[in-house]
Structure formats: C-alpha cells, structure tokens
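*Asks:* When you get a sec, could you give me coordinates for this:
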Amino acid sequence: MSNWEKSLLDEAVNRLCNAPHWKKRLAGWNEGQVLGFAWHLAVFVEPFLSYVLDGTKTVESRFSINRAEPYRRVASKDVLLLKGSGGPIIAVAEVTEVTFYQLNREELDRIRERFGEALRVEDEAFWDDRKASCYASIIRISHVTPIEPLDCEKRDKRGWVRLHYQPNLFFEEAGPA
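*Replies:* Numbers count the residues shown, from 1 in each chain. Down below sits the predicted model:
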C-alpha cells in the first residue's frame with residue numbers, strides 16, 4: 001500500500017464530512033473503524049465525466065480483453081473517487097449494483113439494449129470499439145457528490161485502481177515505551 005492512498009482517502013473523507021449521505025456513510029473512518037467497503041479511483045474522459053456529474057449517466061461500463069479491474073473487484077456499496085483524465089478527483093459516488101459479463105456478440109448487444117441510455121453512449125464507434133472485448137463490468141452508481149478538486153499522485157495510465165488502504169491495516173511504529 002502506498003502512503004498516497006492513506007492521505008488521499010483521509011482528505012476525501014474530510015471533504016465529504018458535511019454532505020448528509022456521506023457523513024453517515026463514512027462515520028467512524030477518522031476513528032479507524034473498518035467500514036465494510038472498498039475504495040476505487042475511476043478515471044473518466046469527457047463527456048462522460050460531465051454526464052455523471054449532471055446525473056444523466058447513472059451507469060459506468062468498463063470493457064477489457066483481459067480480466068482487468070474493475071472486473072470482479074468492485075461490489076455494491078463500494079465508493080468511487082471520480083477523476084478526470086489528467087486532472088484531479090472532483091467527485092465521489094457510491095456503487096449500487098454491479099454485473100459482470102463474459103462477452104460475445106449477443107451479450108454485447110444485450111448490454112447495449114439494457115444499459116445504453118443510462119451509459120449515455122451516443123456514438124456508434126463506442127460499441128464498435130468494444131467488439132474485441134472479452135469482459136465487461138457494468139456499474140450502477142448513485143449519490144454522486146462533487147468535492148473541491150483533490151490532487152492525486154497516481155501517474156500511471158490505468159483507468160481504474162482499487163485502493164487498498166483500510167484504517168485497521170495501517171500501523172505506525174510505536175515509539176519507546
């Protein structure tokens with residue numbers, strides 16, 4: 001676990017402390033309580049990030065050739081930090097439902113039919129680009145809450161990162177007794 005994860009999550013929790021849903025949801029974090037969910041950093045490109053923020057995109061999709069995150073690594077009740085590509089974290093959302101697919105042409109068509117509107121995909125090229133994918137994660141989100149922009153030390157090209165920090169897993173070395 002990187003130290004940047006602890007600092008990032010502590011600051012995100014601090015920025016959410018006045019939002020009613022999040023105040024209740026994150027109660028106990030600062031006391032070191034395990035809250036029973038995982039944190040994820042999800043990187044978005046435009047216009048999809050704006051669609052999430054304005055509430056017209058309520059489902060996120062991630063397609064891959066390999067079993068890459070978030071495939072089978074995200075669950076209902078997990079919390080997403082929403083980051084623009086090349087920018088800071090600007091919002092937080094809660095995962096309300098997740099479905100995973102091993103894809104074939106028919107399954108991709110079913111995903112398009114069932115979730116297309118909620119995904120806010122308006123370009124045929126989006127679906128053409130996903131024809132080579134073998135796996136899909138379909139993630140319904142809610143409680144999208146903008147926060148003051150929060151810089152993040154993540155510098156690699158991954159579009160999704162499951163963060164590993166949990167309060168009870170972080171031990172500072174004890175000083176002399």
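
*Asks:* and the gap between residue 72 and residue 136?
*Replies:* Relative to residue 136, residue 72 is positioned 11 Å away (criterion: CB to CB, to the nearest Å). All C-beta spots, glycine's among them, are computed from the backbone N, C-alpha and C.

*Asks:* same question, residue 32
*Replies:* When distance is defined by CB to CB, residue 32 is 36 Å away from residue 136.

*Asks:* and the two? which has more neighbours close in?
*Replies:* Neighbours of residue 32 and residue 136, each counted by other CB atoms under 10 Å, are more numerous for residue 136; the result is 20 against 11.

*Asks:* doesn't that one fall inside a strand?
*Replies:* Yes. Per DSSP: H, G, I helix; E, B strand; the rest coil, residue 136 lies within a strand segment.

*Asks:* Residue 28 is in contact with residue 36, isn't it?
*Replies:* No. Residue 28 is beyond contact range of residue 36, at 10.1 Å (criterion: CB atoms under 8 Å).

*Asks:* Those two - which one has more neighbours?
*Replies:* When neighbours are counted by other CB under 10 Å, residue 28 comes out ahead of the other of residue 28 and residue 36, with 11 against 8.

*Asks:* if I pick that one, what's in contact with it?
*Replies:* Under the criterion of CB atoms under 8 Å, 6 or more residues apart in numbering, the neighbours of residue 28 are residue 35.

*Asks:* do residue 96 as well
*Replies:* By CB under 8 Å, 6+ apart, residue 96 lies in contact with 76, 140-142.

*Asks:* Just say helix, strand or coil for it.
*Replies:* Strictly by three-state DSSP, residue 96 counts as strand.

*Asks:* what number of residues lie near residue 39?
*Replies:* Number of residues near residue 39 (other CB under 10 Å) recorded here: 21.

*Asks:* dump the residue contacts of the residue lying closest to residue 121 once chain neighbours are set aside.
*Replies:* In space, and not counting its chain neighbours, residue 121 is closest to residue 127: 7.1 Å by CB to CB, 6 or more residues apart in numbering. For residue 127, the contacting residues are 108, 112, 121, by CB under 8 Å, 6+ apart.

*Asks:* Could you identify the least confident member of those residues?
*Replies:* Minimum pLDDT for the contacts of residue 127 is recorded at residue 121 (94).

*Asks:* quick check, that one in a strand?
*Replies:* No. Per three-state DSSP, residue 121 lies outside any strand segment and is coil.
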